[in-house]
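1. sharing a model prediction with you, sequence too.
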Amino acid sequence: MKEQIQQKIQTVLDELGVTDVPFTVEHPADLSHGDYASNVALVASKQLGKNPRELAEEIVSKLDEFETTIAGPGFINVHAPRSFFVDHVAQSIAAGTNWGKSELLAGKKYVVEYTDPNPFKEFHVGHLFTNSVGESVSRLIEFAGADTKRLCYQGDVGMHVAHAVWGMQQMGLTPESNFTAGDLGKAYALGATAYKEDERAQTAIKALNKKIYERSDEVVNALYDKGREVSLAYFETIYAIVGTHFDEYFFESEAGPKGKELVLGNPKVFSDSDGAKVFEGEQYGLHTRVFLNSEGLPTYEAKELALAQMKEDRLGVYDHSIISTSNEIVAYFKVLKKAMSFVYPELEKKTEHIGHGTVRLTTGKMSSRTGEVIAAIDFIEEITDTAQERIASATPELAQDRALAQQIALGAIKYATLKGNMLQDMVFDKEAALSFEGASGPYLQYTHARICSVLAKAADAGIVPSTDAAPEEAYALEKILYRFPEVVEEAMLHRAPHKVAQYLTELAGMFNSFYAQEKIADPSDPHAPYKARVAQSVAQTLKNGLWLLGIEAPERM
RNA sequence: GCUGCUAUAGUUCAAUGGAUAGAACAAGAGUUUCCUAAACUCUAGAUCUAGGUUCGAUCCCUAGUGGUGGCACCA
């Protein structure tokens, strides 16, 4: 319909003899203004020397196949015919789980790297945030038809690991002691603090870092290997809970040697400075970064440089690579991309870095160095407890369903992290996450469950959902329902999951108003089959949309 | 000091340069003999400052202010 309007307007403009008019056809903000609106009269009025409203009249007189009105300063509003909405309701049901899918990226291979927790450090709520964003972006891309590979890159060597291993030694941990991921977090905090405050510890930790990298000390190796194993197993339990499945894992320990090789193999790109190998970014308006330190060890920069090639070696040639991280790293990534453009330009062109905001607590920024972090697992458990209490009071027969409580808890957490533009920092307000009311994940889940329930009632009453016998006037709900595929496309193109979250919230709100006004499961109502059909369509839209956010859509709650 | 991002209601967030700046929470007032009240209805409440571009600016440009991140051997 949008294309038809655009074409017709273009034809009219051609007749009027005006060219290069950058007019738009889009949905007006207010539903009462119609379904599509164009600013063509406003944009073209100057060129034609006419009053915008008069010009709008002239254009409208030639758009006779559409129902139009002129409003405001000269907007042309187009009202879609009744059949348009009925058709879309039918389409959404026919498409089912494919409703909203597109072929925009069909045949393309995308690799998406995200989460990237560091072994030996705590997996905290910040990782939960970055995981939610990466997972949702992955799903948006997958929904657009791309062959999508999820990757996780983990820092299993480097100074942070040396901090932790040193701390493990101080705590008397051995490969045989039954330590947990929580102990490792403490060990890291211990080492990191000592490194800052104690010169002798600093020297020891630096030496340890080299030993770990070179694997030259068997006692250290055994302790390190055990710690790494405990840490990675712990991460897996979290991925299982949040619903992420990675296709490939990459480690800094493998990227290190390859990175060093790349740096040494490109002497024109990297220069010597105080015994280190650096990339001088100043000539490109950036800054200098160290790729190999003065001890010849590769830094994160060199490792990340190698990683691009490693991804292709292991997963085959890809069309596009997305790396989603916190925006603390954007300046550094610009330097890296510039260096990449000399080392392997073709890979650089298809690499995209997405920086999102950082999580802060209401008390300030988290720091794993001081141990002031909220472990993701503790946080999920706490919200799950609250969700379970809520279920017990609302739906007592489901009170023992811990899995359901966890789905709701994760819905609350993920919605809270994805509801806004991800460029902004996010204040993690536990109170808000604990509240399942208003615009929230559970609100969307509740609306879905409510529809499932009413549809079951309708079925019992012998109502067979159908798009026949639609009432003459479209429900307000229908005027928003058909836009789902557009929203999904928009969200994918802009890497903006929040557009889906915002849309679903609006849709759920409209459904709940509809539900309050209209009885759906009423066998005496001739429109009941159509209402049930619309409700089904809303449920499908919520389900598909929630999937894009990584949120489950339970049928009862 | 240089630089990136950012600034919308008391709070957390929306708004491809468009129409009366939308929600939610919190505040106040209502709704359950009726399909799940995790819901619905109503009231009150906001674009950091100063210029500029434009028919039209929360959005683009310039300067300032606040917040936050980066700026060599951490990641």
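-> Thanks, I have the structure now.
2. which bits of the stretch 301-450 of chain A sit near RNA strand B?
-> By the rule Cβ under 7 Å from any atom of the strand, the part of the stretch 301-450 of chain A lying against RNA strand B is A:327-332, A:358, A:365, A:387, A:390-391, A:394-395, A:408, A:419-421, A:423-427, A:429, A:432, A:435-440, A:442-443, A:446, A:449-450. Glycine gets a C-beta too; all of them are placed from N, C-alpha and C.
3. need the buried ones from those residues selected in ChimeraX.
-> Buried subset of these, written as a ChimeraX selection, criterion 16 or more other Cβ atoms under 10 Å:
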select /A:327,332,358,387,390,391,408,419,420,426,436,439,440,442,443,446,449,450
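4. among the residues of the stretch 301-450 of chain A next to RNA strand B, which are located in helices?
-> Among those, the members found in helices (DSSP state H) are A:330-332, A:387, A:390-391, A:394, A:408, A:432, A:442-443, A:446, A:449-450.
5. out of those, the closest to A:E478 would be?
-> Checking those against A:E478 by Cβ to Cβ gives A:R450 as the nearest, at 18.4 Å.
6. any idea of the pLDDT on the residue lying closest to that closest one once chain neighbours are set aside?
-> Computed as Cβ to Cβ, 6 or more residues apart in numbering, the closest residue to A:R450 that is not its neighbour in sequence is A:Y515, at 7.1 Å. The model reports A:Y515 with a pLDDT of 96.
7. could you say which helix or strand holds A:Y515?
-> Using DSSP states H and E, A:Y515 falls within helix A:497-517.
8. mind giving me the packing neighbours of that helix?
-> Judged by 3 or more Cβ pairs under 8 Å, 6 or more residues apart in numbering; DSSP states H and E, helix A:497-517 is in contact with helix A:125-143, helix A:402-418, helix A:441-460, helix A:478-481, helix A:484-493, helix A:528-548.
9. just put the ones you listed in a markdown table and tack on mean pLDDT.
-> Formatted as a markdown table, the helices and strands packed on helix A:497-517 follow (pLDDT from 0 to 100):
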| stretch | mean pLDDT |
| --- | --- |
| helix A:125-143 | 94 |
| helix A:402-418 | 94 |
| helix A:441-460 | 96 |
| helix A:478-481 | 95 |
| helix A:484-493 | 95 |
| helix A:528-548 | 97 |
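10. give me the domain ranges for chain A.
-> With domains defined by automatic domain parsing, chain A comprises A:2-80, A:114-365, A:376-548.
11. mean pLDDT lowest where, among these?
-> Ranked by mean pLDDT, the domains of chain A bottom out at domain A:2-80, with a mean of 88.
12. measure that domain end to end?
-> End-to-end distance for domain A:2-80: 10 Å, by Cα to Cα, to the nearest Å.
13. so is it next to RNA strand B?
-> Yes. With Cβ under 7 Å from any atom of the strand as the criterion, RNA strand B is reached by domain A:2-80 at A:24, A:26, A:28-30, A:33-34, A:37, A:39, A:42-43, A:46, A:52, A:71-73, A:75, A:77.
14. please see if the helix holding A:Y515 touches RNA strand B.
-> Yes. Helix A:497-517 is in contact with RNA strand B by Cβ under 7 Å from any atom of the strand, via A:498-499, A:502, A:505, A:508-509, A:512-513, A:515-516.
15. can you give me how far that helix is from the chain middle?
-> Distance of helix A:497-517 from the chain centroid (Cα atoms, centre = their mean, to the nearest Å) equals 19 Å.
16. list the buried residues in that helix.
-> So helix A:497-517, judged by 16+ other Cβ under 10 Å, has buried residues A:497-505, A:507-511, A:514-515.
17. so what's the residue count around A:A476?
-> 13 (other Cβ atoms under 10 Å).
18. which ones are touching it?
-> Contact analysis of A:A476 by Cβ atoms under 8 Å, 6 or more residues apart in numbering lists A:31, A:510, A:513-514.
19. again, only using 10 Å
-> Applying Cβ atoms under 10 Å, 6 or more residues apart in numbering, we find A:A476 in contact with A:31-32, A:510, A:513-514.
20. which among those gets closest to RNA strand B?
-> Using Cβ to the nearest atom of the strand, A:S513 comes nearest to RNA strand B of those, at 3.7 Å.
21. that closest one against A:T447, yeah?
-> No. Contact between A:S513 and A:T447 fails when scored by Cβ atoms under 10 Å: they sit 11.1 Å apart.
22. before we move on, back to that, let me have the domains of chain A in CSV, extended by distance to A:A94.
-> CSV is the format used below for the domains of chain A (distance: least, Cβ to Cβ, whole Å):
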stretch, distance to A:A94
domain A:2-80, 19
domain A:114-365, 17
domain A:376-548, 10
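23. nearest to A:K101, out of those domains?
-> Of all these, domain A:114-365 sits nearest to A:K101, with 5.3 Å by Cβ to Cβ.
24. what sits against the closest residue to A:D35 other than its chain neighbours?
-> Using Cβ to Cβ, 6+ apart and skipping the chain neighbours, the partner closest in space to A:D35 is A:A80 (4.2 Å). A:A80 makes contact with A:1, A:5, A:34-36, A:66-67, A:87-88, A:474, A:478-479, A:482, according to Cβ under 10 Å, 6+ apart.
25. before we move on, back to that, please identify which pair of the contacts of A:A476 lies farthest apart.
-> Greatest spacing in the contacts of A:A476, by Cβ to Cβ: A:S32 and A:F514 (16.7 Å).
26. of the domains of chain A, which is nearest A:G100?
-> Here domain A:376-548 is closest among the domains of chain A (Cβ to Cβ), at 4.5 Å.
27. what's the end-to-end length of that closest one?
-> For domain A:376-548, the separation between the terminal residues is 21 Å (Cα to Cα).
28. out of the domains of chain A, flag the one nearest A:M557.
-> domain A:376-548 (4.5 Å).
29. next, count neighbours for A:N39.
-> Residues near A:N39, counting by other Cβ under 10 Å: 20.
30. ok, now A:K108?
-> Residues near A:K108, counting by other Cβ under 10 Å: 15.
31. isn't it right up against A:A144?
-> Yes. Using Cβ under 10 Å, A:K108 makes contact with A:A144 at a distance of 8.6 Å.
32. quick one on the thing from earlier: is it possible to mark the buried ones in the residues of domain A:2-80 next to RNA strand B?
-> A:28, A:33-34, A:37, A:39, A:42-43, A:52, A:71, A:75, A:77.
33. quick check, nearest of the residues you listed to A:V18?
-> Among those, A:V43 lies closest to A:V18 (Cβ to Cβ), at 9.6 Å.
34. how near is the closest one to A:A375?
-> Applying Cβ to Cβ, to the nearest Å, the value for A:V43 to A:A375 is 55 Å.
35. which element, helix or strand, includes A:E352?
-> strand A:351-356.
36. what strands line up against that strand, and which way round?
-> Using DSSP bridges, strand A:351-356 pairs in its sheet with strand A:320-326 (parallel).
37. what angle do helix A:125-143 and the partner strand make with each other?
-> 160 degrees (axes from the mean of the first three to the mean of the last three Cα atoms, to 10 degrees).
38. need the CA coordinates for strand A:320-326. CSV is fine.
-> What follows is strand A:320-326, C-alpha atoms only, in CSV (Å, rounded to 0.1, in the frame of the first residue of the first chain):
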residue,chain,number,x,y,z
HIS,A,320,29.3,-9.6,7.7
SER,A,321,30.7,-9.7,11.2
ILE,A,322,29.1,-7.9,14.1
ILE,A,323,30.9,-7.4,17.4
SER,A,324,28.7,-6.2,20.2
THR,A,325,30.5,-4.8,23.3
SER,A,326,30.2,-2.0,25.8
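39. buried residues, it. List them.
-> Buried, per 16+ other Cβ under 10 Å, within strand A:320-326: A:320-326.
40. tell me the contacts of the residue of the stretch 151-300 of chain A found nearest RNA strand B?
-> Using Cβ to the nearest atom of the strand, the single residue of the stretch 151-300 of chain A nearest to RNA strand B is A:N293, 2.1 Å away. Taking Cβ under 10 Å, 6+ apart, we find A:N293 in contact with A:274-278, A:299, A:302.
41. equivalent analysis for A:F270, please.
-> Residues in contact with A:F270 (Cβ under 10 Å, 6+ apart) are A:262-264, A:276-280, A:290-292, A:301-302, A:305, A:339, A:342-343.
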